[in-house]
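A.B. asks: only the shape, not the letters, is given here:
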């Protein structure tokens, strides 16, 4: 319906689809988005996903090595990554409470869990031969999912019980027990689940792991499957648009969503630690014969890790304009429908 000031407000409905429920309240619903807008959005998301993953693929092809060749990552990396991940999930849960006050704790928990899983989906391991996928999934992905399920429940409770500053400190400290929980679950999964895969499909070995340069088929699959973290980023941006856009200075509003994408993927911590702790000797060895051989060690480290960091930056920069455009089209479409309905009633 339309108010005296001309603002478009959502009309109450008896039953809503899931996408309708995650639309920003009192602005527009998913049903207000024109069909052409929905189709364009799907194509745009796949395009953004392909472009983001191709940053990594093309930089590897240009001679930029994987960061794993250039340092022995410290255990503190995982504590910091997991602590920052919990902080990002806490922000998301608090944004849901603000933008979706009607959601129950369990609904917020499930949504935050799904976003955490989808944001972390590209992290574990190297590409595998098809018959080795179950081994990697059971040994790396399954423990991460189980640990996230427990962690996001704790995040929901902390979000409900503590102020933002207290919750943030607690979540940062929670990176240590979260990491220990993952390691414990990994040991259990390797012992009970991965052993089943090994018994039926053969034990793990390096022959089942693919190394760069990857075949073009693998690159194509990687680009297509990057739609998972891309979709997660879009849903967060769409759902939390009010929390992302209202208040604060213009610069902070512009940086908030890219930083959130980097925090949820863990790449913010990786970029900072790698620049500070990468092995200068191995950096020099890996970049011999490339145009980057004479760069400063910090610049080399920043370049190598940027093949992953820039993926999150691209999502954070490319999706907010798409959401804003979609909301404007949906609002115009609703206003046109309300105007047409008003003329019919007259």
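C.D. replies: The structure has been received and is ready for your questions. Predicted model only: the values in this text are computed from it and were never measured. Numbers count the residues shown, from 1 in each chain.
A.B. asks: separation between residue 192 and residue 185?
C.D. replies: Going from residue 192 to residue 185 by C-beta to C-beta, to the nearest Å gives 11 Å. For the C-beta atoms, the positions are set from N, CA and C on the backbone; glycine is no exception.
A.B. asks: so for these two, which sits in the more crowded spot?
C.D. replies: Each of residue 192 and residue 185 has its neighbours counted (other C-beta atoms under 10 Å); residue 185 has more, 17 against 10.
A.B. asks: would you agree the more buried one is in contact with residue 141?
C.D. replies: No: under the criterion of C-beta atoms under 8 Å, residue 185 is not in contact with residue 141, lying 11.1 Å apart.
A.B. asks: average pLDDT across the helix or strand harbouring residue 183?
C.D. replies: Using DSSP states H and E, the element containing residue 183 is helix 175-189. Averaging pLDDT along helix 175-189 gives 91.
A.B. asks: just stretch 302-315 next, same as before
C.D. replies: Throughout stretch 302-315, pLDDT has a mean value of 95.
A.B. asks: gap between it and the chain center?
C.D. replies: When C-alpha coordinates are averaged (C-alpha atoms, centre = their mean, to the nearest Å), stretch 302-315 and its chain have centres 13 Å apart.
A.B. asks: before we move on, what about stretch 59-75?
C.D. replies: Centroid separation between stretch 59-75 and its chain, computed with C-alpha atoms, centre = their mean, is 21 Å.
A.B. asks: that older thread, name the helices or strands packed onto the helix holding residue 183?
C.D. replies: When contacts are defined as 3 or more C-beta pairs under 8 Å, 6 or more residues apart in numbering; DSSP states H and E, helix 175-189 packs onto helix 75-99, helix 142-161.
A.B. asks: by how many degrees do the first one and helix 175-189 diverge?
C.D. replies: By that I understand helix 75-99. Interaxial angle, helix 75-99 versus helix 175-189 (axes from the mean of the first three to the mean of the last three C-alpha atoms, to 10 degrees): 110 degrees.
A.B. asks: what inclination does helix 75-99 have with respect to helix 142-161?
C.D. replies: Counting by the same axes, to 10 degrees, helix 75-99 points 50 degrees away from the direction of helix 142-161.
A.B. asks: after helix 75-99, which helix or strand is next?
C.D. replies: Beyond helix 75-99 toward the C-terminal end (DSSP H and E), the next one is helix 105-119.
A.B. asks: return the set of buried residues in that following helix.
C.D. replies: 108, 109, 110, 111, 112, 113, 115, 116, 117, 118, 119 (16 or more other C-beta atoms under 10 Å).
A.B. asks: now, which of the residues you listed sits nearest residue 69?
C.D. replies: residue 119 (25.2 Å; C-beta to C-beta).
A.B. asks: tell me who's in contact with that closest one.
C.D. replies: Going by C-beta atoms under 8 Å, 6 or more residues apart in numbering, residue 119 touches 229, 232, 233, 261, 264, 265.
A.B. asks: ok, and the most crowded of the residues you listed?
C.D. replies: Counting neighbours by other C-beta under 10 Å, residue 233 leads the contacts of residue 119 with 30 neighbours.
A.B. asks: excluding sequence neighbours, find me the nearest residue to that residue.
C.D. replies: Of all residues not flanking residue 233 in the chain, residue 315 sits nearest, at 4.5 Å (C-beta to C-beta, 6 or more residues apart in numbering).
A.B. asks: for the one you found, grab the count of nearby residues.
C.D. replies: Residue 315 has 31 nearby residues by other C-beta under 10 Å.
A.B. asks: please report how far it lies from residue 295.
C.D. replies: Separation of residue 315 from residue 295 (C-beta to C-beta): 27 Å.
A.B. asks: can you mark which positions in the helix holding residue 183 are buried?
C.D. replies: 175, 176, 178, 179, 181, 182, 185, 186, 189.
A.B. asks: would you reformat the residues you listed as a markdown table and include distance to residue 91?
C.D. replies: Listed next are the buried residues of helix 175-189 as a markdown table, based on distance: C-beta to C-beta, whole Å:
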| residue | distance to residue 91 |
| --- | --- |
| 175 | 15 |
| 176 | 20 |
| 178 | 16 |
| 179 | 20 |
| 181 | 21 |
| 182 | 21 |
| 185 | 25 |
| 186 | 27 |
| 189 | 29 |
